[in-house]
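A.B. asks: here is my input, please return the structure:
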Amino acid sequence: MANFKTLDDLPQDLTGQVGLVRVDLNLPMQDGRASDVTRVEAVKPTILELADRGAKVLLLAHFGRPGGERHSTMSTSVVQGDLERVLGREVMFVSEVGGPVVRQSLGIFRPGDIGLLDNVRFWPGEEANDRAFAQTIAENADFYVNDAFSAAHRAHASTEALAHLLPAYAGRAMEAELRALDAALGNPERPVAAVVGGAKVSTKLDVLQHLVARVQHLVIGGGMANTFLAARGVAVGKSLCEHDLATTANRIMDEADHAGCTVHLPYDVVVAKEFAPNPPSLRTVNVHEVASDEMILDVGPQAVEALGDVLKTCRTLVWNGPLGAFETPPFDAATVALARTAAALTQDGSLTSVAGGGDTVAALAHADVTQDFTYISTAGGAFLEWMEGRELPGVAALMR
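C.D. replies: Okay, the predicted model is just below:
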């Protein structure tokens, strides 16, 4: 396991110490309230633990893309009420991130108080990862905690520079994420299966290339599978397909072959002449029987059953992207069926399952298995970059 410090490495009694905690409060808003507070729920354990151990907790977050200028509509104060509701504590808003205003506020804080600093992206130094700007934030604090894995792929002042200026620790959510990711691809129990779905191969090229050298089974679904099938000479009709990537798809399959990784493409598929809920033209066919006016919209039941059997032989599963057009029934059938198989194997203790990415989270929630996977990452971009094997600056900074 990579080497990083957690809250367990801090003194048990933090009375009067100031902890600067980087969190993700970039919440979707509707009528002045957050429509989804998952991100607050994720950081609640870290915030309350530090407060209960006597620290003065300062929350550092971004909201939207203000581009280095103040916009009243993008102040973090808009999520203050949502934060208080989830935490069940009073949160004091501080209109700056550093300097005398923060220092004065801390003067009236009692141990265990929680403060919310303004949008760190109001200052151009944030996205520039400016050390001098980070220094003005660090001056008011004793230690730094990063609990925002979803922002860890960005080298910004609040995610990267600060970790070099103060003793740095991973928060509880970050710690859980890093341990889960390590169990999935860093140091996994083999055999490892990866399910990679989604519309386009072009957006997941780096993921596929990284995975073929690391997993024993690569399941390709979604529109991406059509590109691989077409590269193999299968006529895919009107299906979503990137025909210009045939050479790339074949190269990935060759690399998988050399690495001893089995690539699983669907051999039966669900097709229709129009993309609509339960269309009359719906049929399930062998991949070699797709008519020129049909489009492939899901993986067929035989292939799903075979994939379920593959998962039964595996110890670890990494999942990113749906197998079909899951938002439109009945093209959710394959994703739901395979997700439920993976969930059951996880609950039996035979599989460690880690999933992530926006569409994936929605698809697994739709299959009603969110609670049954070992770990579901809500970090979109950061999860994808991790799957590509990239170093995440916010994580690397904690690894010193």
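
A.B. asks: would you map the helices across the stretch 151-300 of the chain?
C.D. replies: For the stretch 151-300 of the chain, applying DSSP state H, counting those that start in this stretch gives helices covering 162-165, 172-181, 205-212, 222-231, 246-259.

A.B. asks: quick one: the nearest residue to Gly81 once chain neighbours are set aside from Leu27, how far?
C.D. replies: Spatially, and ignoring its direct neighbours in sequence, Gly81 is nearest to Arg33 (7.2 Å; C-beta to C-beta, 6 or more residues apart in numbering). Glycine gets a C-beta too; all of them are placed from N, C-alpha and C. Applying C-beta to C-beta, to the nearest Å, the value for Arg33 to Leu27 is 9 Å.

A.B. asks: tell me, what's touching the two both at once?
C.D. replies: Contact criterion C-beta atoms under 8 Å, 6 or more residues apart in numbering; residues shared by Arg33 and Leu27: Asp82.

A.B. asks: between the two, which one's more packed in?
C.D. replies: For Arg33 versus Leu27, neighbours defined as other C-beta atoms under 10 Å are more numerous around Leu27 (21 against 13).

A.B. asks: which residues sit in contact with the more buried one?
C.D. replies: By C-beta under 8 Å, 6+ apart, the contact list for Leu27 reads Ala34, Ser35, Asp36, Val37, Arg39, Val40, Phe63, Val79, Asp82.

A.B. asks: will you turn the helices of the stretch 151-300 of the chain into JSON lines that also has distance to Glu289?
C.D. replies: Shown next, in JSON lines, are the helices of the stretch 151-300 of the chain (distance: least, C-beta to C-beta, whole Å):
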{"stretch": "helix 162-165", "distance to Glu289": "56"}
{"stretch": "helix 172-181", "distance to Glu289": "40"}
{"stretch": "helix 205-212", "distance to Glu289": "27"}
{"stretch": "helix 222-231", "distance to Glu289": "12"}
{"stretch": "helix 246-259", "distance to Glu289": "21"}
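
A.B. asks: okay, those helices in a markdown table with mean neighbour count next?
C.D. replies: Conversion of the helices of the stretch 151-300 of the chain to a markdown table gives the following (neighbours: other C-beta atoms under 10 Å):
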| stretch | mean neighbour count |
| --- | --- |
| helix 162-165 | 21 |
| helix 172-181 | 22 |
| helix 205-212 | 20 |
| helix 222-231 | 25 |
| helix 246-259 | 16 |
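
A.B. asks: show me how this structure divides into domains.
C.D. replies: 7-173, 188-387 (automatic domain parsing).

A.B. asks: nearest to Gly394, out of those domains?
C.D. replies: Each of the domains of the chain has some distance to Gly394 by C-beta to C-beta; the shortest is domain 7-173, at 3.2 Å.

A.B. asks: end-to-end on that closest one?
C.D. replies: Distance across domain 7-173, first residue to last, is 11 Å (C-alpha to C-alpha, to the nearest Å).

A.B. asks: okay if I get the domains of the chain as a markdown table plus mean pLDDT?
C.D. replies: Below are the domains of the chain laid out as a markdown table (pLDDT from 0 to 100):
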| stretch | mean pLDDT |
| --- | --- |
| domain 7-173 | 97 |
| domain 188-387 | 96 |
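
A.B. asks: and those: which comes nearest Pro393?
C.D. replies: Closest approach to Pro393 among the domains of the chain is made by domain 7-173 (3.7 Å; C-beta to C-beta).

A.B. asks: do you know which of the helices of the stretch 151-300 of the chain lies nearest Ala367?
C.D. replies: Nearest of the helices of the stretch 151-300 of the chain (C-beta to C-beta): helix 222-231, 15.1 Å.

A.B. asks: sorry, back to before: give me the buried entries from the contacts of Leu27.
C.D. replies: Burial by neighbour count, judged by 16 or more other C-beta atoms under 10 Å, picks out Ala34, Val37, Arg39, Val40, Phe63, Val79, Asp82 from the contacts of Leu27.

A.B. asks: one step back: and of the contacts of Leu27, the nearest to Ala333?
C.D. replies: Asp36 (26.3 Å).

A.B. asks: that closest one contacts Gln30, doesn't it?
C.D. replies: No - assessed by C-beta atoms under 8 Å, Asp36 is found out of contact with Gln30, at 9.2 Å.

A.B. asks: measure the closest residue to Ala213 other than its chain neighbours to Leu218 for me?
C.D. replies: Leaving aside its chain neighbours, Ala213 sits nearest to Ala259 (5.0 Å; criterion: C-beta to C-beta, 6+ apart). Between Ala259 and Leu218 the distance is 10 Å, computed by C-beta to C-beta.

A.B. asks: mutual contacts of the two, please.
C.D. replies: Val212.

A.B. asks: so what's Glu84 up against?
C.D. replies: Glu84 neighbours (C-beta under 8 Å, 6+ apart): Glu90, Val91.

A.B. asks: measure it to Lys44 for me?
C.D. replies: Separation of Glu84 from Lys44 (C-beta to C-beta) stands at 12 Å.

A.B. asks: mind listing what Val40 touches?
C.D. replies: When contacts are counted by C-beta under 8 Å, 6+ apart, Val40 touches Leu25, Leu27, Ala34, Val79, Asp82, Leu83, Val86, Leu87.

A.B. asks: same thing but at 6 Å, please
C.D. replies: For Val40, the contact set (C-beta atoms under 6 Å, 6 or more residues apart in numbering) comprises Leu83, Val86.

A.B. asks: next structured bit after the one helix or strand it maps to?
C.D. replies: Val40 belongs to helix 38-52 when assigned by DSSP states H and E. Next helix or strand after helix 38-52 toward the C-terminus (DSSP H and E): strand 56-60.

A.B. asks: hmm, His217 and Val310 touching each other?
C.D. replies: Yes - counting by C-beta atoms under 6 Å, His217 is a contact partner of Val310 at 5.5 Å.
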